[in-house]
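# need coordinates for the following:
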Amino acid sequence: MRDSKQEGTLAGTHAGKPGLPRGRSRLPAPAVQASQRERLLRATVAAVADKGYPAVTVADIVRRAKVSRAAFYLHFRSREDCLLAASRRGGQLLFGHIIEATRAVPADAADEEVLRAGIRAFLGFLADEPAFARVFYVDMPAAGPAAVERLEDAKCRFSEINAKWHRRARTRHPDWPAVPDEAYQALAGATAELVRSWVSAGKTGALPELAGTIVALHLAVMAARPWTTSPALPDGRDGFGASSPGRPPGPAASRPRSATG
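I've put the predicted structure just below:
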């Protein structure tokens, strides 16, 4: 069994630890139920990342969460329902992390910096949450049609974020090409497959090293930019600078604060 302490905040197990109080509790019922739900979500991520979805049972989840089977069915219809809830919560945190990172880019920075900030935040979040990354990119397809649809929804959302950023940036970069919606979909799919391959190979912690490649791929398609990746810097940055050859900075004023508005 993997060490859950190293698997990120979205995975956790309470096996061997005290369970929630039984019978009358000083905690109000909503607080108890919220704690049960949180334990179950974290235990599901930990269990699936550890054993793979086909091998995980409700008994595995409740044992790791230290709650009763009755409590599980109070919150979820099935292990698939619980996994979908865990993936939804993780996805919300991931996209929130990306949005926060892009909005933190200085107002006088080039348009490309928003893209870089979002990609670095995306890869950094997954590197910090290896159990969630494995569940989402490796184990979800085995969890049924609804889970596969969740993966497709995530790619569609990344595609929409790219499209929104690109269309706004083109108002300041008329030389950048217009591209069809399929191009945004292809970028989202290629990024997801590259991440999946590294997670499958046990390289989740090294995902930030892909930033240069993914940034270059996006700019090659959306800005017709020559391929000029640079080695990742020690702090995880992709090595691009505003004065890099072939990478003139975009106008500083009036550029989008984030890809999502």
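# for this protein, give me the ranges with low pLDDT.
By pLDDT under 70, the low-scoring segments of the chain are 1-6, 14-28, 229-261.
# report the central residue of it.
L94 (4.3 Å; CA atoms, centre = their mean).
# host element of that one?
Using DSSP states H and E, L94 sits in helix 79-103.
# just want the angle from the helix or strand just after that helix to helix 79-103.
Following helix 79-103 in sequence order, the next helix or strand is helix 111-128 (DSSP H and E). Per axes from the mean of the first three to the mean of the last three CA atoms, to 10 degrees, the angle that helix 111-128 makes with helix 79-103 is 140 degrees.
# what's the burial count for the closest residue to V67 other than its chain neighbours?
Excluding its sequence neighbours, the residue lying closest to V67 (CB to CB, 6 or more residues apart in numbering) is Q36, at 5.0 Å. Every residue, glycine included, has its C-beta placed from N, CA and C. Neighbourhood size, Q36 [other CB atoms under 10 Å]: 21.
# how about the contacts made by the closest residue to the residue nearest to the centre of the chain other than its chain neighbours?
Nearest non-adjacent residue to L94, counting by CB to CB, 6+ apart: F125, 5.2 Å away. Going by CB atoms under 8 Å, 6 or more residues apart in numbering, F125 touches L93, L94, H97, I98.
# now with 10 Å, please.
With contact taken as CB atoms under 10 Å, 6 or more residues apart in numbering, F125 is in contact with 8, 10, 90, 93-98, 101, 132-133, 207.
# top of the residues you listed by neighbour count?
Busiest of those [other CB under 10 Å] is F132, holding 29 neighbours.
# that residue against R88, yeah?
No. Judged on CB atoms under 10 Å, F132 makes no contact with R88 at a distance of 11.6 Å.
# coming back round to it: can you tell me how far the residue nearest to L94 sits from L207?
F125 is 9 Å from L207, where distance means CB to CB, to the nearest Å.
# mutual contacts of these two, please.
By CB under 10 Å, 6+ apart, F125 and L207 have these common neighbours: A133.
# picking that back up, was I right about the residue nearest to the centre of the chain contacting F136?
Yes. Applying CB under 10 Å as the test, L94 and F136 come out as touching, 8.7 Å apart.
# list the residues that contact both of those two?
L10, L126, E129, A154.
# export the residues you listed to JSON lines and tack on distance to Y53?
Output for the shared contacts of L94 and F136, formatted as JSON lines (distance: CB to CB, whole Å):
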{"residue": "L10", "distance to Y53": "16"}
{"residue": "L126", "distance to Y53": "18"}
{"residue": "E129", "distance to Y53": "17"}
{"residue": "A154", "distance to Y53": "17"}
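# ok, back up a step: the helix holding L94: how far from the chain's middle?
How far helix 79-103 lies from its chain's middle: 7 Å, per CA atoms, centre = their mean, to the nearest Å.
# that helix packs against which elements?
The helices and strands touching helix 79-103, judged by 3 or more CB pairs under 10 Å, 6 or more residues apart in numbering; DSSP states H and E, are helix 29-51, helix 58-65, helix 69-75, helix 111-128, helix 130-134, helix 145-170.
# which of those sits most buried?
helix 130-134 (a mean of 26; mean count of other CB atoms under 10 Å).
# which residues make contact with it from outside it?
Surrounding helix 130-134, the residues in contact under the criterion CB under 10 Å, 6+ apart are 2, 4, 6-12, 42, 45-50, 52, 86-87, 89-91, 93-94, 123, 125-127, 140, 195-196, 198-200, 202-205, 207.
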